[in-house]
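Enquirer: sequence and predicted model, in that order:
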Amino acid sequence: MYFTVKSSFQYTWPMWITILFCISLLLLGCGVGTQLPPLCTAARSGDTTLIEALLGSGENVNERGGVNDWTALMHAVHKNQPAAVEALLAGGADVNATAGARGRTTALLLAESEGLTRIAAILRAHGAR
């Protein structure tokens, strides 16, 4: 049995199964559905009240989570949450922590690569290099 997609392409059932299987592997590798620790979630949403409560209850300010093993500070930067960045830095976050596939990504590198000049300035003021 054949399916016609645009008149010049024909795919058989086995080919569709292979395509769907490859897409599934990509989604699994990208960590779709990966649970983040509460501090990382709060950092991503910019919830400074929750950040302060979690840190006050003893949560590790440098907690990591997600497929890139980013710190909460990196998650806050990635989601452009300057208030969360400041709250995490006030809580003692390591401004020069590294993570990512090659272990070279820093919060400052994320901010600069995403054009977040305000956050980059905050990070530099706290010793980011």
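Expert: Sure thing, it's come through.
Enquirer: can you report how many residues lie near residue 79?
Expert: Residue 79 sits with 15 neighbouring residues when counted by other Cβ atoms under 10 Å. In this view, the C-beta of every residue, glycine as well, is placed from N, C-alpha and C.
Enquirer: again, but for residue 111
Expert: 26.
Enquirer: distance from the chain centre to the helix or strand containing it, please.
Expert: Per DSSP states H and E, residue 111 falls inside helix 107-113. The chain centroid and the centroid of helix 107-113 are separated by 12 Å under Cα atoms, centre = their mean, to the nearest Å.
Enquirer: packing partners of that helix?
Expert: helix 72-78, helix 117-125 (3 or more Cβ pairs under 8 Å, 6 or more residues apart in numbering; DSSP states H and E).
Enquirer: for the shortest one, give the mean pLDDT please.
Expert: Put plainly, it is helix 72-78. Taken as a whole, helix 72-78 carries a mean pLDDT of 97.
Enquirer: before we move on, what about the last one?
Expert: Helix 117-125 shows a mean pLDDT of 98 in the predicted model.
Enquirer: what packs against that helix?
Expert: Under the contact definition 3+ Cβ pairs under 8 Å, 6+ apart, helix 117-125 sits against helix 82-90, helix 107-113.
Enquirer: take these and write them to a markdown table, including distance to residue 65 and mean pLDDT.
Expert: Output for those, formatted as a markdown table (distance: least, Cβ to Cβ, whole Å; pLDDT from 0 to 100):
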| stretch | distance to residue 65 | mean pLDDT |
| --- | --- | --- |
| helix 82-90 | 13 | 98 |
| helix 107-113 | 15 | 96 |
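Enquirer: returning to what we had before: show residues contacting the helix holding residue 111.
Expert: Helix 107-113 is contacted from outside by 71, 73-74, 77-78, 85, 95-97, 116-117, 119-120, 123-124, 128-129, using Cβ atoms under 8 Å, 6 or more residues apart in numbering.
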